[in-house]
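# sequence and predicted structure, then a few things I'm wondering about:
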There are 2 protein chains.
Amino acid sequence: MQTIGIALLGVGTVGSAVARTLQEKGDELARQTGMQLVVRWGMARHPERVIAAGLPEQAATTSLDPILEDPNVVVIVEALGGEEPAATYMKRALQAGKHVVTANKEALSKHFAELVAVAREQQRALLFEASVGAGIPLMASLRQLLSVNRIERIRGIVNGTTNFILTLMAEEGVPYHDALREAQRLGYAEPDPTADVEGLDAAYKLSILASLAAGQHLHPDRIDRRGITSVTPDQILDARTRGGAVKLIAEALRKDEEWELRVHPIFVPGSDLLAHVRLNLNAIELTCDRVGTVVLYGPGAGPAPTAAALLADVIDAVRFGPALLPEVEATS
Amino acid sequence: MQTIGIALLGVGTVGSAVARTLQEKGDELARQTGMQLVVRWGMARHPERVIAAGLPEQAATTSLDPILEDPNVVVIVEALGGEEPAATYMKRALQAGKHVVTANKEALSKHFAELVAVAREQQRALLFEASVGAGIPLMASLRQLLSVNRIERIRGIVNGTTNFILTLMAEEGVPYHDALREAQRLGYAEPDPTADVEGLDAAYKLSILASLAAGQHLHPDRIDRRGITSVTPDQILDARTRGGAVKLIAEALRKDEEWELRVHPIFVPGSDLLAHVRLNLNAIELTCDRVGTVVLYGPGAGPAPTAAALLADVIDAVRFGPALLPEVEATS
């Protein structure tokens, strides 16, 4: 049995779900994979967080340094969220010879080419299944499809919060602000909902998917973006009358060798599967030159699915190292 | 640049699509992967088939022996279909030290544990993305999900022919035999449609999916199976009136440590995504303990998607060898 040391950067909802999942499933995973995953460090501003996640007190650190210096740490799970210091920490971790696994769409989408380049230089894994669609096996599917297919279009519902709000507005006839409040009450939306409702979260995710499909870094700033705050009850009612729905659609379209990228609320007709994606679910449609159009559908958020995707990546990082790195050119 | 010799067992619709795809995409794949894939042999009863697929005359063989003796053949693509001689040939190929990639659900589902065991013994790859759902990345997704999740249920539409027939019966009000004739005319159904309409094809596919989820070989003979030949226009009309549809559903359900397996035409309510899967499309729902329910949807058949999945497997076989082999116990 191989013992694999891991470190959690961030012990919030996602980080502590990783710790909890390992407490519950670690032995089963060890039997299946031959790897005993051990959390050696939990980096958090407050050590109580680390202890509350069921980790020993001496695992708590407020600094990255002891983690990078610990030769027994093989994989770093980045669950800080936000662009910085996450992007810098991931780079430093790769440079220190650690594999990196992340759920952080913002840092990844803004530094995609650079992070992949550092990982390749260092011959380390950089995996990010959890960054889009949580546990929906999107990266595994994209990797498989891209090995032979050219992807012509990506189109989907990648933000559960806004889809929940739009579903409530459509099915219960409530106005935007009431639906937002309900999403906040249920914990689907943050107290400051900007990143979701203005389409930023969707843009980060689209940037990652499109960069993989394009083989070059398509920065989220390039995405033409409109959120859902100005969607009116009338527009939603009208869509429903026509048998469809208003959905926040993230779309990347290959046009010759350029890509058109947008996130916007539009009418989706009832004949389209995406019109039937309700509540906080996600669905992503990939149109490929050989395989045709494939859709992946499922819960796109939540601590348990996100933690499962991160741990699957930890296992793949150890098994395959840099072999799963995507081909990505720097920003065009 | 690495040159990788491959051999096609069977140069029918699927085998020649593999040859054609390589003629069209071989150089692009070589640039991406660093592997130039070269078809060194095409095994077929009639050499004209091999030549018609654009391969040189000297690549034609009616026997497996020269393929197994050729040290430059690294991967064997089995596209014969049917249980035998395919199963024996795959075993012999693995024993001769070749990686095996297959689209053959019947041979695989009936000899799953044995073939995986031989591959493991020989430390060779055995990959079969194309055997279920053609180019839908089901095996890639299952591998990713199974590394951390326990799968509780699999449920889906895995046979495009019967789904096409049922769609025609529902949407155009035609009786079973007329819909079957139309499916035959379009090349979706064989002249002898038994394997599709009696649910055998669906049972083979379910056996493969369920064996992966269970970690043990669940032979297709164990599947409680009913086809669509006795579905009446009245049942279909009634389903439509109730807002749903009659669908041929393949289902594997974990009950304690046993599995219930069935293929049967049943009423699917309109609230279920599977009710909206039309024509010859497929959709497979995987219910996981951590990630929840994920659905994969897309074209489940056709030479181009099948060839793309086979070639993606060829590339993975060379890259990862036996590392992607599933854990499977012999039949319980």
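Received it, and whenever you're ready, just let me know what you need. Numbers count the residues shown, from 1 in each chain, chains lettered A, B, ... in the order given.

# just give the nearest non-adjacent residue to the residue of the stretch 201-332 of chain A found nearest chain B, would you?
Closest to chain B within the stretch 201-332 of chain A is residue A:291: 3.1 Å, counting by Cβ to the nearest Cβ. C-beta coordinates here come from the backbone N, C-alpha and C atoms, glycine included. Once flanking residues are discounted, residue A:291 sits nearest to residue B:135: 3.1 Å by Cβ to Cβ, 6 or more residues apart in numbering or on different chains.

# for chain A, which spans come out with low pLDDT?
A:331-332 (pLDDT under 70).

# need the longest helix for it.
Secondary structure of chain A per DSSP state H: the longest helix is helix A:13-33.

# how about it: buried residues?
Burial within helix A:13-33, assessed by neighbour count using 16 or more other Cβ atoms under 10 Å in any protein chain shown, is assigned to A:14-19, A:21-22, A:25-26, A:29-30, A:33.

# parallel or antiparallel, list what pairs with the following helix or strand past it.
Per DSSP states H and E, helix A:13-33 leads on to strand A:35-43 as the next helix or strand towards the C-terminus. Within its sheet, strand A:35-43 is paired with strand A:2-9 (parallel), strand A:60-61 (parallel), according to DSSP bridges.

# for the longest one, which positions count as buried?
Using 16+ other Cβ under 10 Å as the test for burial, strand A:2-9 gives A:4-9.

# got the angle for that strand vs helix A:13-33?
Strand A:2-9 runs at 170 degrees relative to helix A:13-33, counting by axes from the mean of the first three to the mean of the last three Cα atoms, to 10 degrees.

# for residue A:60, what are its contacts?
A:41-42, A:44, A:47, A:49-51 (Cβ atoms under 8 Å, 6 or more residues apart in numbering or on different chains).

# near chain B at all, stretch A:138-151?
Yes: using Cβ under 8 Å from any Cβ of the partner chain, stretch A:138-151 reaches chain B at A:139-141, A:143-145, A:147-149.

# now, the most widely separated pair of the residues you listed?
Taking every pair in the residues of stretch A:138-151 next to chain B and measuring Cβ to Cβ, the maximum separation is 16.6 Å, between A:139 and A:148.

# picking up where we left off before, most neighbours, which of the contacts of residue A:60?
Within the contacts of residue A:60, most neighbours by other Cβ atoms under 10 Å in any protein chain shown means residue A:42, with 30 neighbours.

# bridging residues for that one?
Beta-bridge pairing of residue A:42 under DSSP bridges involves residue A:8, residue A:60.

# list the residues that contact the residue of the stretch 101-250 of chain A found nearest chain B.
Proximity of the stretch 101-250 of chain A to chain B (Cβ to the nearest Cβ) peaks at residue A:135, 3.1 Å away. By Cβ under 8 Å, 6+ apart, residue A:135 lies in contact with A:129, A:298-299, A:302, A:304-306, A:308-309, B:145, B:149, B:288, B:290-292, B:294.

# check residue A:261 too.
Applying Cβ under 8 Å, 6+ apart to residue A:261 gives the contacts A:206-207, A:210, A:218, A:222-224, A:251-253.

# now those residues in CSV, with distance to chain B and secondary structure?
CSV is the format used below for the contacts of residue A:261 (distance: Cβ to the nearest Cβ, whole Å; DSSP: H, G, I helix; E, B strand; the rest coil):
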residue, distance to chain B, secondary structure
A:206, 20, helix
A:207, 21, helix
A:210, 18, helix
A:218, 18, coil
A:222, 24, helix
A:223, 25, coil
A:224, 27, strand
A:251, 18, strand
A:252, 18, strand
A:253, 19, strand
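
# quick check: the two most widely separated of the residues you listed?
Greatest spatial distance in the contacts of residue A:261: A:207 and A:253, 14.2 Å, computed using Cβ to Cβ.

# near chain B, which residues of the stretch 151-300 of chain A?
Within the stretch 151-300 of chain A, the positions adjacent to chain B are A:273, A:276, A:288, A:290-299 by Cβ under 8 Å from any Cβ.

# neighbour-wise, which one of those leads?
With neighbours taken as other Cβ under 10 Å, the top of those is residue A:291, carrying 28 neighbours.

# for that residue, what are its contacts?
A:145, A:149, B:134-136, B:298-299, B:304-305, B:308-309.

# among these, which lie within helices?
Judged by DSSP H, those include A:145, B:304-305, B:308-309 as members of helices.

# the closest residue in space to residue A:120 that isn't next to it in sequence and residue B:189, how far apart?
Leaving aside its sequence neighbours, residue A:120 sits nearest to residue A:325 (Cβ to Cβ, 6+ apart; 5.6 Å). For residue A:325, the distance to residue B:189 equals 43 Å [Cβ to Cβ, to the nearest Å].

# what of residue A:300?
Going from residue A:300 to residue B:189 by Cβ to Cβ gives 37 Å.

# comparing the two, which residue is more hemmed in?
Shown here are residue A:300 and residue B:189; by other Cβ under 10 Å, residue A:300 has more neighbours (28 against 23).

# so what's that one closest to, chain neighbours aside?
Nearest to residue A:300 is residue A:282, by Cβ to Cβ, 6+ apart, at 3.0 Å.

# do the same with residue A:191
Excluding its sequence neighbours, the residue lying closest to residue A:191 (Cβ to Cβ, 6+ apart) is residue A:184, at 6.7 Å.

# go on, residue A:261?
Computed as Cβ to Cβ, 6+ apart, the closest residue to residue A:261 that is not its neighbour in sequence is residue A:223, at 4.4 Å.

# the one you found and residue B:105: what is the separation?
Distance, residue A:223 to residue B:105, using Cβ to Cβ: 41 Å.

# likewise residue A:57?
Separation of residue A:57 from residue B:105 (Cβ to Cβ) stands at 54 Å.

# repeat that for residue A:330.
Using Cβ to Cβ, residue A:330 is found at 43 Å from residue B:105.

# who's more crowded, those two?
A count of neighbours by other Cβ under 10 Å puts residue B:105 above the other of residue A:330 and residue B:105, at 25 against 11.

# thought that one was touching residue B:201?
Yes: between residue B:105 and residue B:201 there is a contact under Cβ atoms under 8 Å: 7.0 Å.

# near chain B, which residues of the stretch 1-150 of chain A show up?
Selection of the stretch 1-150 of chain A residues close to chain B by Cβ under 8 Å from any Cβ yields A:21, A:25, A:29, A:32-33, A:129, A:134-137, A:139-141, A:143-145, A:147-149.

# residue with max distance from the center of chain A?
Here the centre of chain A is the reference, and by Cα atoms, centre = their mean the most remote residue is residue A:241, at 33.7 Å.

# show me which of the contacts of residue A:60 is closest to residue A:83.
The closest of those to residue A:83 turns out to be residue A:44 (Cβ to Cβ; 18.6 Å).

# so how many other residues sit close to the closest residue to residue A:270 other than its chain neighbours?
Leaving aside its chain neighbours, residue A:270 sits nearest to residue A:243 (3.8 Å; criterion: Cβ to Cβ, 6+ apart). Applying other Cβ under 10 Å, we find 10 residues neighbouring residue A:243.
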